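Novice: Quick one: sequence and predicted model below, then my questions.
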Amino acid sequence: MSGSEFYQLFSYREYRPNYALHLLLFVVTFLTVAIAGVQWILKDPYELSNLHLGLPYALSILFIIASHEFGHYFAAKRHGVVTTLPFFIPFPPIPFVLNFGTLGAIIRIKSVVPNKKALFDIGVAGPISGFIATLLVLIYGFLNLPDVEYLYQIHPEYRFLPTLPKGDLTFGDTLLFLIFKKFFSLINPDAFIPPMNEIYHYPYLCAGWFGLLVTAMNLIPIGQLDGGHIIFAMFGENHKYIARGFFYSLIVLGLFGIFEQNIGWPGWLVWALVLYFVVKIEHPPVGTFGVLDNKRKIIGWITIAIFILSISPVPITIK
């Protein structure tokens, strides 16, 4: 989970980062993400000779997450807002649990955000930076796809089947992922583009897909998510109607996912509960914040387009 906490009740005149803590969390997260990368290609992550196999996935994931959080960080610095360095969040490998190796990263704002422009710039910089990093990872992944023999090495049993089986785990398509698959199949008609139930065996595609998921979840226009900050800065008090609509939509999609996975995803219900109890639905009042200029409004609409390109109503299906 990636995001920023923008509002504090107290303003800190002096902030001294705990570099040791930030470094420790990064190193631990690097290890858990590398282990997850090895697990995605069905190798034993506790065999030290296999650990390097998780590096393409780990480096890609951390590049995307770091780009997102440092986007927030440098935008805050530009406006003179005191902020922490990113806290990376490791997620230890747990058997039988869908595990990407991390829950993302967060930064903490330690002073008051001075105006609407600063709020918008800090909120928008993370998703845009993370999205650009995700695009780079996906482009590299699609340009360097191995042939089908790579998949046969992971699943030797597939070699003798007339068609690839559907599998028990499937990642949901997004508009951007569909565009990429169509575009790169036109560029190289002979390339083997894996189906969505095998994407996770391909580290760059898996990391890129994860980057789109993280971007979309953070751009949901609710509360103090990045999307909530952006919508609040763009639409002021009217943001609450947008936030409520999306919140109830998440509940509906989550309930549908319990009974029919082709329509919804139970994870949306969990995310809705987290938003309700932790992030809150409506953006908190922050006083008089001024008006955004046209350039920022255009960037805001571009960010909304990024959300549409990145979101999947059914991101994960497990049978």
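Specialist: That came through, no problem.

Novice: Show the residue spans covered by the helices in this protein.
Specialist: Assigned by DSSP state H, the chain shows helices spanning 19-40, 55-78, 116-143, 148-154, 175-187, 203-219, 226-235, 239-259, 266-274, 294-310.

Novice: Need the ones you listed in CSV (columns: mean pLDDT, distance to Ser49 and mean neighbour count).
Specialist: (C-beta placed from N, C-alpha, C; glycine too.) Below are the helices of the chain laid out as CSV (pLDDT from 0 to 100; distance: least, Cβ to Cβ, whole Å; neighbours: other Cβ atoms under 10 Å):
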stretch, mean pLDDT, distance to Ser49, mean neighbour count
helix 19-40, 96, 10, 19
helix 55-78, 97, 13, 22
helix 116-143, 96, 24, 22
helix 148-154, 96, 16, 14
helix 175-187, 96, 33, 15
helix 203-219, 97, 18, 25
helix 226-235, 94, 40, 26
helix 239-259, 94, 39, 17
helix 266-274, 94, 34, 17
helix 294-310, 97, 36, 16
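
Novice: Can you check which of the ones you listed gets nearest to Pro92?
Specialist: helix 19-40 (5.7 Å; Cβ to Cβ).

Novice: So what touches that closest one?
Specialist: For helix 19-40, the surrounding residues in contact (Cβ atoms under 8 Å, 6 or more residues apart in numbering) are 44-45, 50-51, 53-58, 61-62, 84-93, 99-102, 105, 200-201, 203, 206.

Novice: ok, 6 Å please
Specialist: Residues from elsewhere that reach helix 19-40 (Cβ atoms under 6 Å, 6 or more residues apart in numbering): 45, 50, 53-54, 57-58, 61, 85, 87-88, 90-93, 99-102, 200, 203, 206.

Novice: Keeping just the C-alphas, turn stretch 65-83 into CSV.
Specialist: C-alpha atoms of stretch 65-83 as CSV (Å, rounded to 0.1, in the frame of the first residue of the first chain):
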residue,chain,number,x,y,z
ILE,A,65,7.5,2.2,-5.5
ALA,A,66,10.5,4.5,-4.9
SER,A,67,9.6,6.6,-7.9
HIS,A,68,6.1,7.1,-6.5
GLU,A,69,7.2,8.0,-3.0
PHE,A,70,10.1,10.2,-4.0
GLY,A,71,7.7,12.0,-6.4
HIS,A,72,5.7,13.0,-3.2
TYR,A,73,9.0,13.8,-1.4
PHE,A,74,10.5,16.1,-3.9
ALA,A,75,7.2,17.9,-4.6
ALA,A,76,6.9,18.5,-0.8
LYS,A,77,10.5,19.8,-0.6
ARG,A,78,9.7,22.2,-3.6
HIS,A,79,6.9,23.8,-1.5
GLY,A,80,8.9,23.9,1.7
VAL,A,81,6.8,21.2,3.3
VAL,A,82,8.7,19.1,5.9
THR,A,83,8.4,15.4,5.1
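
Novice: how far does that stretch sit from the chain's center?
Specialist: Computed by Cα atoms, centre = their mean, to the nearest Å, the chain-centroid distance of stretch 65-83 equals 17 Å.

Novice: so Pro315 sits right up against Gly172, yeah?
Specialist: Yes - counting by Cβ atoms under 6 Å, Pro315 touches Gly172, with 4.4 Å between them.

Novice: So these two - more neighbours on which side?
Specialist: Remark: of Pro315 and Gly172, Pro315 carries more neighbours, 21 against 17, as counted by other Cβ atoms under 10 Å.

Novice: In contact with Ile154, which residues?
Specialist: Contact analysis of Ile154 by Cβ under 6 Å, 6+ apart lists Ile41, Leu42, His201.

Novice: Next one: the last one from His155, what distance?
Specialist: Think His201. Here the criterion is Cβ to Cβ, to the nearest Å. By it, His201 lies 8 Å from His155.

Novice: Among the two, which residue is more densely surrounded?
Specialist: Using other Cβ under 10 Å, the more surrounded residue of His201 and His155 is His201, with 18 against 15.

Novice: quick one: contacts for the more buried one?
Specialist: Going by Cβ under 6 Å, 6+ apart, His201 touches Ile41, Ile154.

Novice: For it, give its distance to Thr134.
Specialist: Between His201 and Thr134 the distance, using Cβ to Cβ, works out to 19 Å.

Novice: same question, Phe120
Specialist: Plainly put, Phe120 is 21 Å away from Thr134 if you go by Cβ to Cβ.

Novice: Export only the CA atoms of the longest strand along the chain, formatted as CSV.
Specialist: Ranked by residue count under DSSP state E, the longest strand found in the chain is strand 102-108. Below are the C-alpha coordinates for strand 102-108, written out as CSV (Å, rounded to 0.1, in the frame of the first residue of the first chain):
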residue,chain,number,x,y,z
THR,A,102,5.8,-5.7,0.0
LEU,A,103,2.8,-3.5,1.0
GLY,A,104,4.5,-0.5,-0.7
ALA,A,105,5.8,2.5,1.1
ILE,A,106,4.6,5.7,2.8
ILE,A,107,6.0,9.1,3.6
ARG,A,108,4.8,11.3,6.5
